[in-house]
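**Q** just a sequence and a predicted model for now, questions to come.
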Amino acid sequence: MGSIKADIFGRLKSGKVVARYTLTNKNGITVKILDYGGIITDIHVPDKNGKVDDICLGFNDIEGYETRSPYFGALIGRYGNRIAGAKFVLDGIAYSLTVNNGPNSLHGGKIGFDKVVWNAKIDNNQLILTHVSPDGDENYPGALSVKVIYELTDDDVLKLDYTATTTKATPINLTNHTYFNLAGHASNDISDHVVMIPAESYVVLDRNTIPTGEIRSVEGSSMDLRQPVKLGDVMPNVNDGLGFDNNFNLKQSDEIKLGARIEHPPSGRYIECRTTEPGMQFYTCKNLKETPGKNGAVYKQFGGFCLEAQHYPDSVHYKHFPNTILRPGEIYRQTTTYKFGVSP
């Protein structure tokens, strides 16, 4: 049976205290989470020789997360990924959102779910975070009540269960934006990682990383990750050498299924992400600028990867994409798990 301990991580500029929760299982794996943004700050796991390292990029203090974080470890909402033109029409009403990514809206706007302090409660080995996003928050309609439950099991699985309800019809696309590096957070190299994503198609993007509406087969392309491939071999052939920032289309099922497996052969560490979501946004940090991080590390481009289980980007503009509209009386549900392990 695992345990959860709480301490104070720091104070925001507003003076509000930010708490940190350390989840530990019987095998000694630890995951640290803030009530600010639901941020995962640390993931300590062993390699094949028993050496424990932190595989999660982040900061030592709250100032880093509040002022210069590229969404390190955060809960993303109300709408993860991009909405083209920062606007949409829902039930005949036009909504304009915050423009924060070129001409588009990204990850919920200026003050998304990553920048609020969530209400936190410990229930045995579960950390329960709740937040109410008021009607009109970042110009989204409806008061959205969100609950996210974090649990670290004795099978070395970090489980995230999301639920949400709304008072008005609203777009919703929740995800987690942890940056991983299985060689250790300070490694700055993922070229020796091996990836497998069991997706038969992906969402085609334009030059502004906005969907064109086309769903294309991965067959015969560098986007075919159905068999394990070394990132250093495939990234130079993707997006003009900038690597992956793409939504891979998983099986259209509410059942939990494998979304991705990443392995680091030198250390033996691997991570398997399973999810109920229809998409896996695989991001290899093309936009990560030189950033001072934890314990003297300086993170750089391609210094990590993200496995963002979610619905497709810009789904509000494409009826043939899986639905992202939540209506009153409905319950949004998502389960995503991250299994940590070691191969011989």
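**A** Here it is on my side, so go on.
**Q** going forward, measure contacts between C-alpha atoms and count neighbours the same way
**A** Fine.
**Q** and the nearest residue to G341 once chain neighbours are set aside, what are its bridge partners?
**A** Among residues not flanking G341 along the chain, Y270 sits closest, at 5.3 Å (Cα to Cα, 6 or more residues apart in numbering). Per DSSP bridges, the residues bridged to Y270 are E263, G341.
**Q** then I149?
**A** I128, D161.
**Q** contacting residues for it?
**A** Each residue near I149 by Cα atoms under 8 Å, 6 or more residues apart in numbering is listed here: 126-129, 159-162.
**Q** one more: V298?
**A** 186, 290-292.
**Q** if you set the cut-off to 10 Å instead, what comes out?
**A** 57, 185-188, 289-292 (Cα atoms under 10 Å, 6 or more residues apart in numbering).
**Q** before we move on, what about L90?
**A** 141, 169-171, 316-317, 325.
**Q** now do the buried residues in the top helix by length along the chain.
**A** Secondary structure of the chain per DSSP state H: the longest helix is helix 62-67. Within helix 62-67, the residues that count as buried by 16 or more other Cα atoms under 10 Å are 62, 64-66.
**Q** may I have that helix as PDB, with CA atoms only?
**A** Output in PDB follows, covering the C-alpha atoms of helix 62-67 (Å, rounded to 0.1, in the frame of the first residue of the first chain):
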ATOM      1  CA  ILE A  62       7.400  27.700  -7.700                       C
ATOM      2  CA  GLU A  63       8.800  30.800  -9.500                       C
ATOM      3  CA  GLY A  64       9.900  28.700 -12.400                       C
ATOM      4  CA  TYR A  65       6.400  27.100 -12.800                       C
ATOM      5  CA  GLU A  66       4.600  30.400 -12.400                       C
ATOM      6  CA  THR A  67       6.700  32.600 -14.700                       C
END
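**Q** quick revisit: now the contacts of V298 in JSON lines, with distance to R274, neighbour count and secondary structure?
**A** Compiled in JSON lines, the contacts of V298 are given as follows (distance: Cα to Cα, whole Å; neighbours: other Cα atoms under 10 Å; DSSP: H, G, I helix; E, B strand; the rest coil):
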{"residue": "L57", "distance to R274": "21", "neighbour count": "28", "secondary structure": "coil"}
{"residue": "H185", "distance to R274": "22", "neighbour count": "26", "secondary structure": "coil"}
{"residue": "A186", "distance to R274": "26", "neighbour count": "24", "secondary structure": "coil"}
{"residue": "S187", "distance to R274": "25", "neighbour count": "17", "secondary structure": "coil"}
{"residue": "N188", "distance to R274": "25", "neighbour count": "18", "secondary structure": "coil"}
{"residue": "K289", "distance to R274": "29", "neighbour count": "14", "secondary structure": "coil"}
{"residue": "E290", "distance to R274": "31", "neighbour count": "11", "secondary structure": "coil"}
{"residue": "T291", "distance to R274": "30", "neighbour count": "17", "secondary structure": "strand"}
{"residue": "P292", "distance to R274": "31", "neighbour count": "16", "secondary structure": "strand"}
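**Q** and of those residues, the nearest to I83?
**A** Checking these against I83 by Cα to Cα gives K289 as the nearest, at 23.1 Å.
**Q** right, and that closest one touches P70 too?
**A** Yes - judged on Cα atoms under 10 Å, K289 makes contact with P70 at a distance of 9.1 Å.
**Q** tell me how far the residue of the chain most remote from its centre lies from D137.
**A** The centre of the chain is farthest from one residue, G92, which by Cα atoms, centre = their mean lies 31.1 Å away. Relative to D137, G92 is positioned 19 Å away (Cα to Cα, to the nearest Å).
**Q** same check on L12?
**A** As defined by Cα to Cα, L12 lies at a distance of 20 Å from D137.
**Q** dump the buried residues of helix 62-67 to a markdown table, plus distance to F305 and pLDDT.
**A** Shown next, in a markdown table, are the buried residues of helix 62-67 (distance: Cα to Cα, whole Å; pLDDT from 0 to 100):
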| residue | distance to F305 | pLDDT |
| --- | --- | --- |
| I62 | 22 | 98 |
| G64 | 19 | 97 |
| Y65 | 18 | 98 |
| E66 | 21 | 97 |
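**Q** okay if I get these as a markdown table plus distance to T153?
**A** Output for the buried residues of helix 62-67, formatted as a markdown table (distance: Cα to Cα, whole Å):
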| residue | distance to T153 |
| --- | --- |
| I62 | 27 |
| G64 | 29 |
| Y65 | 27 |
| E66 | 29 |
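**Q** and the residues you listed, which is closest to M223?
**A** Distance to M223 across the buried residues of helix 62-67 (Cα to Cα) is lowest for Y65, with 32.2 Å.
**Q** doesn't V116 make contact with the closest one?
**A** No - using Cα under 10 Å, Y65 makes no contact with V116, being 11.3 Å away.
**Q** check the gap between T98 and S221 for me.
**A** 35 Å.
**Q** what's the answer for I39, then?
**A** For I39, the distance to S221 (Cα to Cα) stands at 35 Å.
**Q** more neighbours: which of these two?
**A** More neighbours surround I39 than the other of I39 and S221, with 24 against 10 (other Cα atoms under 10 Å).
**Q** look up phi and psi at the closest residue to the more buried one other than its chain neighbours.
**A** Excluding the flanking residues, the one nearest I39 by Cα to Cα, 6+ apart is A74, at 4.2 Å. Dihedral pair for A74: phi -90, psi 160, per degrees, to the nearest 10.
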